[in-house]
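Chemist: Fold the following and give me the result.
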Amino acid sequence: MSDPAPSGTVVIGVGNPLMGDDGLGLAALAVLQNEWMFDPPVTLLDGGTWGMNLLPQIEEAERLLLLDAVKGGQPPGTVVELVGDAIPRLFATKLSPHQIDLREVLALAEWRGTLPGRTVALGVQPEQVELGTELSAPVAQAIPALVARAIAVLREWGHRAEPRPA
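Modeler: Presented below is the predicted three-dimensional model:
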(Lines give C-alpha, C1' and ligand atoms only; values in the text may rest on other atoms or scores of the structure.)
Protein backbone atom coordinates (compact mmCIF):
# COMPACT_ATOMS: atom_id res chain seq x y z
CA MET A 1 0.00 0.00 0.00
CA SER A 2 1.38 3.40 -0.87
CA ASP A 3 1.02 6.44 1.36
CA PRO A 4 -1.63 8.90 0.23
CA ALA A 5 -1.14 12.62 -0.10
CA PRO A 6 -1.66 14.40 3.23
CA SER A 7 -5.02 15.67 1.98
CA GLY A 8 -7.29 15.28 -0.98
CA THR A 9 -9.28 12.48 -2.48
CA VAL A 10 -8.61 8.84 -1.65
CA VAL A 11 -10.25 5.95 -3.51
CA ILE A 12 -9.96 2.58 -1.78
CA GLY A 13 -10.86 -0.70 -3.44
CA VAL A 14 -11.51 -3.35 -0.82
CA GLY A 15 -12.36 -7.01 -0.81
CA ASN A 16 -10.85 -10.44 -1.13
CA PRO A 17 -10.13 -11.58 -4.71
CA LEU A 18 -10.08 -15.20 -3.51
CA MET A 19 -13.75 -15.01 -2.50
CA GLY A 20 -15.55 -14.60 -5.82
CA ASP A 21 -17.62 -11.42 -6.04
CA ASP A 22 -15.95 -10.00 -2.91
CA GLY A 23 -13.04 -9.13 -5.24
CA LEU A 24 -15.18 -6.58 -7.09
CA GLY A 25 -13.71 -3.51 -5.37
CA LEU A 26 -10.19 -4.46 -6.44
CA ALA A 27 -11.32 -5.19 -10.00
CA ALA A 28 -12.96 -1.75 -10.27
CA LEU A 29 -9.90 -0.09 -8.72
CA ALA A 30 -7.69 -1.77 -11.35
CA VAL A 31 -9.82 -0.23 -14.12
CA LEU A 32 -9.42 3.23 -12.56
CA GLN A 33 -5.64 2.72 -12.19
CA ASN A 34 -5.06 1.33 -15.66
CA GLU A 35 -7.53 3.27 -17.79
CA TRP A 36 -7.96 6.73 -16.21
CA MET A 37 -5.91 9.83 -15.33
CA PHE A 38 -7.04 12.41 -12.77
CA ASP A 39 -6.20 16.08 -12.26
CA PRO A 40 -5.76 17.02 -9.52
CA PRO A 41 -4.36 13.58 -8.72
CA VAL A 42 -6.41 11.04 -6.82
CA THR A 43 -4.82 8.54 -4.43
CA LEU A 44 -5.88 5.04 -5.51
CA LEU A 45 -5.32 2.41 -2.82
CA ASP A 46 -5.59 -1.36 -2.97
CA GLY A 47 -7.17 -1.89 0.43
CA GLY A 48 -7.67 -5.63 -0.06
CA THR A 49 -8.55 -6.95 3.37
CA TRP A 50 -6.30 -4.50 5.24
CA GLY A 51 -8.91 -3.70 7.87
CA MET A 52 -7.65 -1.37 10.60
CA ASN A 53 -4.46 -0.62 8.61
CA LEU A 54 -6.62 1.61 6.38
CA LEU A 55 -7.49 3.96 9.27
CA PRO A 56 -4.58 6.43 8.73
CA GLN A 57 -5.36 6.78 5.00
CA ILE A 58 -9.04 7.31 5.74
CA GLU A 59 -8.38 9.85 8.48
CA GLU A 60 -5.99 11.90 6.33
CA ALA A 61 -8.40 12.17 3.38
CA GLU A 62 -10.68 15.13 2.69
CA ARG A 63 -12.86 13.03 0.39
CA LEU A 64 -13.19 9.23 0.49
CA LEU A 65 -14.60 6.95 -2.19
CA LEU A 66 -14.91 3.27 -1.30
CA LEU A 67 -15.39 0.45 -3.81
CA ASP A 68 -16.60 -2.96 -2.62
CA ALA A 69 -19.26 -5.62 -2.87
CA VAL A 70 -22.39 -4.36 -1.08
CA LYS A 71 -25.07 -6.70 0.22
CA GLY A 72 -28.16 -4.55 0.02
CA GLY A 73 -30.85 -7.07 -0.90
CA GLN A 74 -30.81 -6.05 -4.58
CA PRO A 75 -30.57 -8.38 -7.59
CA PRO A 76 -26.96 -9.50 -8.29
CA GLY A 77 -25.10 -6.97 -10.42
CA THR A 78 -27.07 -3.95 -9.14
CA VAL A 79 -24.86 -0.89 -8.62
CA VAL A 80 -25.38 0.51 -5.11
CA GLU A 81 -24.42 3.97 -3.82
CA LEU A 82 -24.26 4.68 -0.11
CA VAL A 83 -23.69 8.06 1.51
CA GLY A 84 -23.39 9.07 5.13
CA ASP A 85 -25.12 6.98 7.78
CA ALA A 86 -26.09 4.24 5.29
CA ILE A 87 -22.45 3.21 4.80
CA PRO A 88 -21.72 1.43 8.10
CA ARG A 89 -25.02 -0.44 8.05
CA LEU A 90 -24.70 -2.07 4.63
CA PHE A 91 -21.10 -1.77 3.51
CA ALA A 92 -18.60 -4.64 3.40
CA THR A 93 -18.84 -8.36 3.88
CA LYS A 94 -17.26 -9.95 6.93
CA LEU A 95 -15.72 -13.25 5.92
CA SER A 96 -14.81 -14.50 9.38
CA PRO A 97 -15.75 -13.49 12.93
CA HIS A 98 -12.11 -12.56 13.57
CA GLN A 99 -11.75 -10.16 10.62
CA ILE A 100 -11.87 -6.41 11.27
CA ASP A 101 -14.08 -5.17 8.45
CA LEU A 102 -14.46 -1.78 6.85
CA ARG A 103 -17.62 -1.01 8.84
CA GLU A 104 -15.56 -1.08 12.03
CA VAL A 105 -12.79 1.08 10.54
CA LEU A 106 -15.33 3.67 9.38
CA ALA A 107 -17.11 3.58 12.74
CA LEU A 108 -13.81 4.21 14.55
CA ALA A 109 -12.94 7.13 12.25
CA GLU A 110 -16.41 8.58 12.84
CA TRP A 111 -16.07 8.13 16.62
CA ARG A 112 -12.68 9.88 16.52
CA GLY A 113 -14.18 12.71 14.46
CA THR A 114 -11.84 12.00 11.54
CA LEU A 115 -14.17 10.45 8.97
CA PRO A 116 -13.92 12.59 5.82
CA GLY A 117 -16.90 14.92 5.41
CA ARG A 118 -17.41 13.63 1.90
CA THR A 119 -17.58 9.86 2.05
CA VAL A 120 -19.28 7.76 -0.61
CA ALA A 121 -19.35 4.00 -0.98
CA LEU A 122 -20.03 2.49 -4.38
CA GLY A 123 -20.54 -1.18 -4.88
CA VAL A 124 -22.36 -3.95 -6.63
CA GLN A 125 -24.71 -6.50 -5.11
CA PRO A 126 -22.76 -9.78 -5.17
CA GLU A 127 -24.18 -13.03 -6.45
CA GLN A 128 -21.63 -15.32 -4.81
CA VAL A 129 -19.13 -14.76 -2.03
CA GLU A 130 -17.40 -18.10 -1.82
CA LEU A 131 -13.97 -19.52 -2.48
CA GLY A 132 -13.01 -18.77 -6.09
CA THR A 133 -11.11 -16.20 -8.11
CA GLU A 134 -13.75 -15.36 -10.73
CA LEU A 135 -16.45 -12.72 -10.50
CA SER A 136 -19.96 -13.93 -11.32
CA ALA A 137 -21.33 -12.83 -14.71
CA PRO A 138 -23.76 -10.21 -13.32
CA VAL A 139 -21.04 -8.62 -11.17
CA ALA A 140 -18.40 -8.62 -13.92
CA GLN A 141 -20.92 -7.03 -16.30
CA ALA A 142 -21.63 -4.27 -13.74
CA ILE A 143 -18.00 -3.09 -13.49
CA PRO A 144 -18.30 -0.53 -16.35
CA ALA A 145 -21.38 1.05 -14.70
CA LEU A 146 -19.63 1.09 -11.32
CA VAL A 147 -16.51 2.72 -12.79
CA ALA A 148 -18.67 5.28 -14.64
CA ARG A 149 -20.39 6.23 -11.37
CA ALA A 150 -17.00 6.48 -9.61
CA ILE A 151 -15.77 8.81 -12.37
CA ALA A 152 -18.93 10.91 -11.98
CA VAL A 153 -18.40 11.22 -8.19
CA LEU A 154 -14.75 12.21 -8.70
CA ARG A 155 -15.80 14.85 -11.25
CA GLU A 156 -18.42 16.18 -8.80
CA TRP A 157 -15.54 16.55 -6.32
CA GLY A 158 -13.60 18.69 -8.80
CA HIS A 159 -11.29 16.17 -10.46
CA ARG A 160 -10.82 16.14 -14.20
CA ALA A 161 -10.98 12.51 -15.35
CA GLU A 162 -9.59 11.55 -18.74
CA PRO A 163 -9.12 8.14 -20.32
CA ARG A 164 -5.48 7.11 -20.57
CA PRO A 165 -4.13 7.13 -24.12
CA ALA A 166 -4.06 3.66 -25.66
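Chemist: Look up how far residue 112 lies from the most centrally placed residue in the chain.
Modeler: Nearest residue to the geometric centre of the chain (Cα atoms, centre = their mean): residue 67, 1.7 Å. Separation of residue 67 from residue 112 (Cβ to Cβ, to the nearest Å) stands at 23 Å. Backbone N, C-alpha and C define where each C-beta goes, glycine included.
Chemist: what's the answer for residue 153, then?
Modeler: Counting by Cβ to Cβ, the gap from residue 153 to residue 112 is 24 Å.
Chemist: So between the two, which is more surrounded?
Modeler: residue 153 (19 against 10; other Cβ atoms under 10 Å).
Chemist: Do you know the pLDDT at the more buried one?
Modeler: Residue 153 carries a pLDDT value of 97.
Chemist: Equivalent analysis for residue 98, please.
Modeler: As predicted, residue 98 sits at a pLDDT of 33.
Chemist: residue ranges with poor pLDDT in the chain?
Modeler: 1-7, 88-100 (pLDDT under 70).
Chemist: what ranges do the helices span in it?
Modeler: With DSSP state H as the criterion, the chain has helices at 24-35, 55-60, 86-90, 102-111, 137-156.
Chemist: With respect to residue 43, which of these lies nearest?
Modeler: Nearest of those to residue 43, taken as Cβ to Cβ: helix 55-60 at 7.6 Å.
Chemist: Quick check: buried residues in that closest one?
Modeler: 55, 57-60 (16 or more other Cβ atoms under 10 Å).
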